[in-house]
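Asker: Any chance you could fold what I've pasted below:
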Amino acid sequence: MKSYILLCLTFIIVFSFNSYAQDSKVAAGDKKYDNYAYIDAIKTYERVADKGYKSEDMFKKLGNSYYFNSNFDGAAKWYGELFAMNTSPEPEYYYRYAQSLKSTGQMDKANKILGEFNAKYKNDNRGKLYKEDVNYLDEIKANSGRYTIENAGINSKYSDYGSFVYDNKLYFASARDTGNFSQRKHKWTGEYFTNLYFADVDPATGSSAKVNKFKTSINTKFHESSPAFTKDGKTVYFTRNNYVNGKKGKDEEKITLIKIYKATLDNNGKWTNIIELPFNSDNYSVGHPALSPDEKTLYFASDMPGTIGQSDIYKVSINGDSYGPPQNLGNTINTEGKETFPYVTSENEIYFASDGHPGLGGLDVFVGKVEDNGTISSIQNVGGDINSPKDDFAYIIDPVSRHGYFSSNKDGGQGSDDIYKFLETRKLQCIQELNGIITDAQTGAVLARTKVTLYEGTTIKNTTISDANGYYSFVVECGKTYNVRAEKEEYTTREVSVIIGKLTGKTSLPIALEKSTCKVTIGDDLGKCFGIKMIYFDLDKSNIRMEAALDLEKILDVLNNNPTMKLDIRSHTDSRATHAYNQALSNRRAKSTIDWLVKNGVAKNRLTGKGYGETQLVNRCSDGVPCTEEEHQMNRRSEFIILNL
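Answerer: Next up is the predicted model:
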């Protein structure tokens, strides 16, 4: 635009706290197979931890179990143990620990954790865990093809731009020569200074009639543009060079910048009481006003101190004849480039022009969502119908009829800037369906009637129940990060983060849940309750290592809480040593395991066991068969087989 200063100017596991008792009335003998013991894993972990055993995985599970149940004292305790053991866990734990600390009044400590969080994970602004990696040209392409566009029929060979519709009249700025001998040309453009004009328009089609000059004292020998009328038509805000009451203001470099002025309509139909707004300055520009639908907020563009880029979009509150302090709308909308020409609709959308957001060149028109707290989110390029490699700006739209106008100096126009009318045939609404199937992590069986909750940050957005096929779905917004929490009785709650794409479509997020209690009976392996695949010993030795003691503490806790339970402890090796060596080694390890449990209080008559060496391989990896390390690992295992309940 040539004629005017634009201001373009995991896994997360929560254990339920249900406890189950054994049915003591079941008869002996074969009927014992119907008698089940329910192992409450979380209580076992706490008792093990209270004995001084340390494990990152255990502390995460303990902290999560309390956090998801809003017991922040317990969460803070166990997350604190996690951070004492590992000063750099995953980013999610920084956030949860800080939230837990805040909830327990430990603000200083919470701020310290958040400071560390921000320093280590600069791209994580809470709710946005990963940088989005979507090609912006794909987004522009997807957002195109939604308009029919025509010349507005009011353009001249000069610059015409900046529309506003009020009372079936289209107001705009123009540098056209009206034949007045006193017209002055702007030395930067070689065109006349812009004044305000209007034309009657057909509200149904947007078609315009004859252009008329807005004959009022609002127009001066300098630039006027960007009018914004109140709904009652008695007040208009507009942009003008720093000129009022016949006096021209200049900045420290002797340049006359632009300001926002207000005029009121008197009883005789004349615009009077033209005043500049109090947040104007001779030393920076303020322009392009836009009113919120309730007329309690005025949006505008400025390069005032505190601006992020060359010009930013600001807002002020309107309280009668007074105005609040200017507030920068923040770096979700403002960039190091130019943001200007805001326009806000009754659908909480803000349209604006920018050369800082990814576009097609020059200024492009973008739209964002005005959130309830006043922040701007979900910014999108409106597409290649409106936007071009040149400057495209000053977009306005009627949210009901979807008719509107924008300005551009794109190729094919009549003047240096032209006004185009459009009809939006399809709303820019990128919608995604987030769906998935809830299953049992061990069996793969679908889990019907699972409660599934959608979170954005810590705010619940929606809740549903999975159907008979374990299926759930939510309608979500494109480009956002959500957390999905699945909860079902007898299963551990799990929460998963997901980033939604920027293009309309579907995002699949299947969730597998682990059993929160372990249901065992005679013949089952108790070690599977706690994921114990192997009791670890030093190479070629049979003494109990710390890692082994941590797992054996879990077995010990179950035996102490189930005094009639008896176990057969079986140790297995792979086939890579001699048969005799493996047999002897597994015998020693089985005996060491039994000795440890007896030493810690288990009656010897409750335990049996022996080593099986390589005699019970679970796969093909016998002597001489080439196998991977993972395949050999499957054969090196420890089993705790329940003999009696």
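Asker: check contacts around Arg176.
Answerer: For Arg176, the contact set (C-beta atoms under 8 Å, 6 or more residues apart in numbering) comprises 156-158, 160, 192, 197. All C-beta atoms are positioned from the backbone trio N, CA, C, and that covers glycine.
Asker: Let me know the average pLDDT across whichever strand or helix holds Ala84.
Answerer: Assignment of secondary structure by DSSP states H and E places Ala84 within helix 72-85. Per-residue pLDDT over helix 72-85 has a mean of 90.
Asker: helices and strands around it, which ones?
Answerer: helix 56-67, helix 91-103 (3 or more C-beta pairs under 8 Å, 6 or more residues apart in numbering; DSSP states H and E).
Asker: Going along the chain, name the strands of the stretch 51-200 of the chain.
Answerer: 147-151, 160-166, 169-174, 195-201 (DSSP state E, counting those that start in this stretch).
Asker: Where among the helices and strands packed on helix 72-85 is average confidence lowest?
Answerer: helix 91-103 (a mean of 79).
Asker: So which residues make contact with that one?
Answerer: 10, 12, 60, 63-64, 67, 72, 75-76, 79-80, 82-83, 107, 109-111, 113-114, 116-117, 120-121, 124, 126, 129, 458, 497.
Asker: cool, stretch 368-380 as well?
Answerer: So stretch 368-380 is in contact with 139, 143, 315, 327, 329-330, 332-333, 344, 348-350, 352, 357, 366-367, 428, 430, 477-480, 502, going by C-beta under 8 Å, 6+ apart.
Asker: and those, which are buried?
Answerer: Buried by 16 or more other C-beta atoms under 10 Å: 139, 143, 315, 329, 333, 344, 349-350, 352, 357, 366-367, 430, 477-480, 502, out of the contacts of stretch 368-380.
Asker: Counting only strands, which of those residues make the cut?
Answerer: 315, 344, 349-350, 352, 366-367, 477 (DSSP state E).
Asker: Leaving out the residues flanking it, which one is nearest to Tyr161?
Answerer: Distances taken as C-beta to C-beta, 6 or more residues apart in numbering put Ser407 closest to Tyr161, at 3.7 Å, once the chain neighbours are dropped.
Asker: cool, Ala468 as well?
Answerer: Per C-beta to C-beta, 6+ apart, closest to Ala468 is Ala448, 4.9 Å.
Asker: Let me know the helix or strand that that neighbour is in.
Answerer: Applying DSSP H and E, one finds Ala448 in no helix or strand.
Asker: burial count for it?
Answerer: By other C-beta atoms under 10 Å, 14 other residues sit near Ala448.
Asker: for Lys250, what are its contacts?
Answerer: Per C-beta under 8 Å, 6+ apart, neighbours of Lys250: 242, 256, 282.
Asker: Now pLDDT too, for those residues, in CSV please.
Answerer: Shown next, in CSV, are the contacts of Lys250 (pLDDT from 0 to 100):
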residue, pLDDT
Asn242, 79
Thr256, 76
Asp282, 90
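Asker: Can you say which of these are buried?
Answerer: Buried among these by 16+ other C-beta under 10 Å: 242, 256.
Asker: Any chance of a markdown table for the contacts of Lys250, columns distance to Lys604 and secondary structure?
Answerer: Shown next, in a markdown table, are the contacts of Lys250 (distance: C-beta to C-beta, whole Å; DSSP: H, G, I helix; E, B strand; the rest coil):
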| residue | distance to Lys604 | secondary structure |
| --- | --- | --- |
| Asn242 | 97 | coil |
| Thr256 | 99 | coil |
| Asp282 | 94 | coil |
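Asker: Any stretches of the stretch 401-550 of the chain with poor pLDDT?
Answerer: 536-542 (pLDDT under 70).
Asker: Helices of that one, residue ranges please.
Answerer: 546-561 (DSSP state H, counting those that start in this stretch).
Asker: Next one, pLDDT for Gln183 please.
Answerer: Value listed for Gln183 in the pLDDT field: 50.
Asker: now swap in Asn348 and tell me
Answerer: 93.
Asker: Burial check on the closest residue to it other than its chain neighbours, number of neighbours?
Answerer: Of all residues not flanking Asn348 in the chain, Val370 sits nearest, at 4.5 Å (C-beta to C-beta, 6+ apart). By other C-beta under 10 Å, 23 other residues sit near Val370.
Asker: Kindly report the same for the one 3 residues further on.
Answerer: One way to gauge burial is a neighbour count; for Asn373, by other C-beta under 10 Å, it gives 5.
Asker: rewinding a little: for the helix holding Ala84, give me every contacting residue.
Answerer: 49, 54, 56, 59-60, 62-67, 89, 93, 96-97, 99-101, 103-104, 106, 113.
Asker: quick one: buried residues of it?
Answerer: Applying 16+ other C-beta under 10 Å to helix 72-85 flags 72, 74-83 as buried.
Asker: Please apply the same query to stretch 492-507.
Answerer: 492-502, 507.
Asker: quick one: the most centrally placed residue in the chain from Ile431, how far?
Answerer: Centroid-nearest residue in the chain: Thr481, 3.1 Å away (criterion: C-alpha atoms, centre = their mean). When C-beta to C-beta, to the nearest Å is the yardstick, Thr481 and Ile431 sit 16 Å from each other.
Asker: So for Ala27, what's the pLDDT?
Answerer: On the pLDDT scale, Ala27 gets 33.
Asker: now the helix holding Ala84 and helix 91-103, what's the angle there?
Answerer: Taking axes from the mean of the first three to the mean of the last three C-alpha atoms, to 10 degrees, one finds that helix 72-85 is oriented at 130 degrees with respect to helix 91-103.
Asker: Against the centre of the chain, work out the most remote residue.
Answerer: Outermost in the chain, C-alpha atoms, centre = their mean: Ala580 at 59.3 Å.
Asker: returning to that earlier point: show me the one of the strands of the stretch 51-200 of the chain that comes nearest Gly470.
Answerer: strand 147-151 (42.1 Å; C-beta to C-beta).
Asker: Now do Phe198: how many residues are near it, please.
Answerer: Neighbour tally, Phe198, other C-beta under 10 Å: 22.
Asker: I meant to write Ile396 there.
Answerer: So Ile396, with other C-beta under 10 Å, has 20 neighbours.
Asker: Ile431 too?
Answerer: Around Ile431 there are 11 residues (other C-beta under 10 Å).
Asker: go on, Asn387?
Answerer: Around Asn387 there are 28 residues (other C-beta under 10 Å).
Asker: so who does it touch?
Answerer: Asn387 neighbours (C-beta under 8 Å, 6+ apart): 140, 359-360, 364-365, 381.
Asker: what's the farthest-apart pair in the residues you listed?
Answerer: Going by C-beta to C-beta, the pair spanning those furthest: Ile140 and Val365, at 11.1 Å.
Asker: of those two, who's got more company?
Answerer: Neighbour count, other C-beta under 10 Å: between Ile140 and Val365, Val365 has more, with 23 against 19.
Asker: Distance of that one relative to Ile641?
Answerer: 70 Å.
Asker: Also Gly105?
Answerer: 49 Å.
Asker: again, but for Pro91
Answerer: On the measure of C-beta to C-beta, Pro91 and Ile641 end up 41 Å apart.
Asker: what do you get for Thr492?
Answerer: In terms of C-beta to C-beta, Thr492 sits 25 Å off from Ile641.
Asker: What of Tyr94?
Answerer: The value you get for Tyr94 to Ile641, if C-beta to C-beta is used, is 42 Å.
Asker: Thank you, goodbye.
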